[in-house]
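Asks: Sequence below, structure please.
(3 chains)
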Amino acid sequence: MTKPQLSVRGLGKSFGGLVALHDVSFEVAAGQIVGVMGANGAGKTTLFSLIAGNTRPTAGEVHFEGRPITGLRADQICRLGIARTFQIVKPFPMLTVLENLRTAAMFGKARIHDPHEADAVSRSVLQEVGLAPMEHQLAATLTLSGQKRLEIARAVATGAGLIMLDEVMAGLTPTEVAQMLQTLRRLQSTRGFTLLVIEHVMRALMELCGHIVVLHHGELIAQGTPTEIADNPQVLSVYFGDQK
Amino acid sequence: MKDLCPNHGWTLLWITCLTCLGALPFLANDYLVGVGLTLLMWLALTQSWCVLSKMAGYVSLGHVVFFGLGAYLVVVTWQQIPLVLAVLGAGVLSALVAALVGLPVLRVRGPYFVILTFGLAELVKYTLTWIESASGMASRILFGAPDLRVIYFSMFALALAAVALLTWVGNSRFGHGLRSLRENEEAAETLGVPVVRYKLMAFVLGAAIPGMVGAIMALRSTYFVVGQVFDPMISVTVIAMAILGGGDNARGPLLGVIFLTLLSELLWANAPLLYMVILGAILIVFVLLVPNGLIGLLEGRRAAASASAGKPP
Amino acid sequence: MTVLETLLSGQLLFAALVTGSLYALIALGLNLVYGTMRMLNVAHGDLVMLGAYGAFAAFTLLGISPLLAAPAIAAVGGLLGYGLYRGIFRKILAGGSSTTAVRLESNSLLLFFGLSIILQNATALAFTPNNRAYNYLDTVYRVGDVAMTGNRLATLLIAGTLCIGMALFLARSVLGLAMRAVIERREAAHIVGVNVDRVQWLSFVLGFGSAALAGVLVSMLGQFSPFSGFPFTIAGFIVIILGGLGNVMAGLLAAVLLGLIETYGVALTSANMRSVLLYGAFVAALLLFPNGLFARRAAAR
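Replies: Predicted coordinates:
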C-alpha cells in the first residue's frame, strides 16, 4: 500500500513471565476499517493499549503517519491523532454528557481552547450518535448502550484520524447492534477517520470491516479480507478444531 | 429570587461579605477584627486547598505543611530581611517544595494519597521540632511585629487572591482537564489530558498561598512553636470546611468557612474539646449523608455534582 | 555508650522486642479489619487508646488488675466490632458497586478520621486531655545486664503468645484459611463456599478485640493520653505496607523490624527522633509502594 497510516512492527508485550503479545506486525491504510479478531486472552486489548500508549511495549515499534510513537504517553499519542474506547466503559460519571465530550474536543487532536467552540463540535458528534437529547444528563445516569455510545462519541470528538473501538457491541441486543453499525458507518463516512475494531460479534466484523487481523495466544496468525479469513484453514482450526 | 437569577444571589453574597470584611477594621474592636482575620485566613487556606483536592480529586491531608513552612521561614529570617520579602519568599518556598515532592507523591492514589500527605506533614513537623530542639530553640518570640490592621489587610488580599485563583482555574481549560482526571484519570489521559503535568501544576498553584498565609499568621501570634504551626488539625479543619460547603468552585468553601469559624468562635473559649467532637461529627455526617455539602442542598443535586465551568464565583 | 555498645545492648533488644510485639498485635488486628473492609481505618489506634483507658478506669476506679480486666475489655472491643459490622459495614460491603459504596471507598478515610477525632476528644472530655498512668507489675527482674519490669515481660509474653496463636490459627485452621481467603479475594471466596458473612464479622471481632487488648498492655507500660492512639495506627499501617496485606508471617517480622528500628534509632540519636523515624518509614513505605497494599493484586477489587 502507499504510505500506511498505522504501521505496527514486531510488537510485543510481556508481563514478567507472561507473554501477552509476541511479534505482531501489520499495517493500516488511512480510511480503512480493520477488524481485530481472536479468542479471549488473545492479546487484542493489549494491542490497543500498546498502540494508544496506555502501556509500553517490551519489544517492537509503532509508527503513525510516518512518525514513531513507540513509548510515548497516552495523552501525547491522543494529540497526534489516535483515540480509543475501553472495553469496560470509562465515562466521567459526574460530568454531563456534553462535558464528557468537551474534554475530548479540548484536549484531543482538535485541541480547541475555546469552550464554546468545543461544545459546538461536541454537539454535532452527539447528534450523530443520538445522544443529543441527553446532553445535560450526568454520564453516570446513562444506560450501558448510552455509555458505549458516549465512549465512541468522545473518541470521535477528539478529531482523531485513527479510532480504535474495543468491543463496543458487547452486551447490545441485535437491534442495538444494527443501530450501532449504522452509526459507525455514518460517522466514518462523514468524518473520514480510520477504524480499528475489536469485536466478538462476527456479523459486525464481517459487515463492517474491509480487512481483518486474527490474533491467537498473542500472535498474529492470519490477516485478509473477511472472505479470506472465513476460509483460512488456520483460523478455522483455531475456532472449530481440526477439520478432516 | 434565587430561582429567577441564581447568580445574582451569589454575587450579592460575595459583595456583602467582601464589603463587611473590608470595612471591619474601621468599624469594630480588636476582638472582632481578630475574628475577621481568622475567617479570612480559613478562606484563603480552604480556597487554595480546593485547587488540587476538589478539582483534581486528590484529597490532601497535609495542607498545613505549606502554612508551617511559611511561618517557619518568617521566624527564621526575622529582622534579617524585609518582611515583604519573607512573606513572598514563603510563597515561593512552598511552591518549590510542592514542585519537588509533587512528582513522587502524586503517583499515589485515593486514600493512600490522603494518608501520605498527612504523613509527610507530620514528618516535616517532627523533623523541624527535632532541629529546633537540637539547636536549643524550644520556641521563639518575635518582637516588633506589624500592626493588626496591616496583618488584616494582607490576609484580605490573600483571601481575595485565593478566591480569584480557584475561580480562574474552575473556569479554565486547565480546570476542565483537572475535573476530567478527577472523574477518571486513565480515560482523561487517553483523551489527551496531560494528567501528570496538570496534577503537579494544581499542587504547586495551591501551595503558594497557604505559605504566605502561614507567614502572615506568624506575625500575628509572635510566639512561635513548631508543633502549633504544623498542627494537623489545621489540615482537618480545611477539609471539614470544604466538605461542609461542598461543590468544586469558590462558593462552597465560603459557606463552610463562615459556618465553622462562627461555630469555633462560639465554642473555642469554653468548650474546645466539644468543638472538636462536633468537627469530627460534621466530617462523618457530611461524608456519609450530604456528600455535596451545603451547596448541594442549596442548588440541587445536578448543579453541585457537575462541573461549574463558566460560573462566576 | 558507644555505637557498638548500643547495638549489642540486651536492654535495648528487650525494649525493641516489647515494642515489636505490641506493633505485631496491633498490626494483626488492623490486617483483619482493613483486609475485610478495604477501608483505611485510621481510628484503629484509637481503639488501642480506648482499651488503655478501659484498663485505667478498671484499675483506678474499681481496683481490678489490668490482666484480670483484659479479657473483659477485649470482649467489649470485640462486641463493638461486631456491632459496627452488623450495623454499618455489612450493608456497605454487600453493596457491590452501588454509588454509595463507591463514593464511600474514596472518602472512607475522612470518615474514619472524623471517628478518630470524636473518640480522641470525647475521651479527653471524660478523662481530661492530660497524660495518665498507673503502676502495676513494677518489680524489676534482672537477667544478666538486662533489667525487665514485670509489666514489660507480661506484655511481651501476652502479645507474643497472642500473635503466634493468631498466626497459627490463620495459617493452619480451616476458619483461618477462610479468613485469609476473604481478605485476599472476597468474591472468589464466596464462590468456593466460604461463609463470607461469618468470616467478616469474626474478622471484625478479632480485629477490634485485639486492638483493645493491646491497649490494656500499653496502659501498663507508661503514660498515655487520649491522643496517643494515633502513632499506633501509623505503626500498624507501616507494618502492613511492609509485610503485605493478609501476610501474617511477614507482618510479624515487619513489626519486630519496626520495633528494632525505632528503639535503636532513638537510642542512637535522641527521643525526638522517634516520630521522625516512624513517619519517615511511613512515607517511604507509601512512596515505594504507590499502589498501596494492592500492588501485588491489582485485580482484587
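
Asks: Every contact and neighbour count from this point should use C-alpha atoms.
Replies: OK.

Asks: Point out the residues in chain B that sit beside chain C.
Replies: Proximity of chain B to chain C (CA under 8 Å from any CA of the partner chain) is limited to residues B:104-105, B:107-112, B:114, B:116, B:119-120, B:122-123, B:126-127, B:129-130, B:273-274, B:276-284, B:287-288.

Asks: Now list the buried members of the residues you listed.
Replies: Restricting these to buried positions leaves B:105, B:108-112, B:114, B:116, B:119-120, B:122-123, B:126-127, B:129-130, B:273-274, B:276-284, B:287-288, with burial counted as 16 or more other CA atoms under 10 Å in any protein chain shown.

Asks: what about the strands in chain A?
Replies: Per DSSP state E, chain A has strands spanning A:6-15, A:18-28, A:33-37, A:59-64, A:67-68, A:82-84, A:162-166, A:194-198, A:211-216, A:219-224. These are given in chain order.

Asks: what is the rounded mean pLDDT of the strand or helix carrying B:Leu100?
Replies: Secondary-structure assignment from DSSP states H and E places B:Leu100 in helix B:83-105. For helix B:83-105, the mean per-residue pLDDT is 94.

Asks: now for the next helix or strand after it, which elements pack on it?
Replies: Scanning the chain past helix B:83-105 towards its C-terminal end, the next helix or strand to appear is helix B:110-134 (assignment: DSSP H and E). Here helix B:110-134 is seen to pack against helix B:64-76, helix B:83-105, helix B:226-229, helix B:232-245, helix C:99-127, helix C:273-288 when contacts are counted using 3 or more CA pairs under 8 Å, 6 or more residues apart in numbering or on different chains; DSSP states H and E.

Asks: Quick one: residues in contact with whichever helix in chain A runs longest.
Replies: Using DSSP state H to define each element, chain A has its longest helix at helix A:174-191. For helix A:174-191, the external contacting residues (CA atoms under 8 Å, 6 or more residues apart in numbering or on different chains) are A:128-129, A:145, A:169, A:194-195, A:204, A:208.

Asks: If we use 7 Å, what do you get?
Replies: Residues lying outside helix A:174-191 but in contact with it, judged by CA atoms under 7 Å, 6 or more residues apart in numbering or on different chains, are A:129, A:169, A:204.

Asks: re earlier: quick one, the helix holding B:Leu100 and helix C:273-288 angle?
Replies: 50 degrees (axes from the mean of the first three to the mean of the last three CA atoms, to 10 degrees).

Asks: Run through the neighbouring helices and strands of helix B:83-105.
Replies: Counting contacts by 3 or more CA pairs under 7 Å, 6 or more residues apart in numbering or on different chains; DSSP states H and E, helix B:83-105 packs against helix B:64-76, helix B:195-221.

Asks: highest average neighbour count across those?
Replies: Taking mean count of other CA atoms under 10 Å in any protein chain shown as the contact definition, the stretch among the helices and strands packed on helix B:83-105 with the greatest mean neighbour count is helix B:64-76, which reaches a mean of 27.

Asks: what helices or strands is that helix leaning on?
Replies: Using 3+ CA pairs under 7 Å, 6+ apart: helix B:64-76 touches helix B:83-105, helix B:195-221, helix B:232-245.

Asks: so the last one versus helix B:110-134, what angle?
Replies: Right, the one you point to is helix B:232-245. Angle of helix B:232-245 versus helix B:110-134, following the same axes, to 10 degrees, is 150 degrees.

Asks: Would you mark the buried spots in the longest helix of chain A?
Replies: For helix A:174-191, the neighbour count (16+ other CA under 10 Å) marks A:177, A:180-181, A:183-184, A:187-188 as buried.

Asks: one step back: how far does the helix holding B:Leu100 sit from the chain's center?
Replies: For helix B:83-105, the distance from its own C-alpha centre to the chain's C-alpha centre is 15 Å (CA atoms, centre = their mean, to the nearest Å).

Asks: OK, contacts around C:Glu5?
Replies: The contact partners of C:Glu5, by CA under 7 Å, 6+ apart, come to none.

Asks: Is it located within a strand, as I assumed?
Replies: No: going by DSSP: H, G, I helix; E, B strand; the rest coil, the assignment for C:Glu5 is helix, not a strand.

Asks: Show me where the stretch 201-313 of chain B dips below the pLDDT cut-off.
Replies: Applying pLDDT under 70 to the stretch 201-313 of chain B flags residues B:300-313.

Asks: dump the residue contacts of the residue in it that chain C sits nearest to.
Replies: Residue nearest to chain C within the stretch 201-313 of chain B (CA to the nearest CA): B:Gly280, separated by 3.9 Å. Contact analysis of B:Gly280 by CA under 7 Å, 6+ apart lists C:114-115, C:117-118.

Asks: By neighbours, which of those residues wins?
Replies: C:Gly114 (27 neighbours; other CA atoms under 10 Å in any protein chain shown).

Asks: Noted, bye for now.
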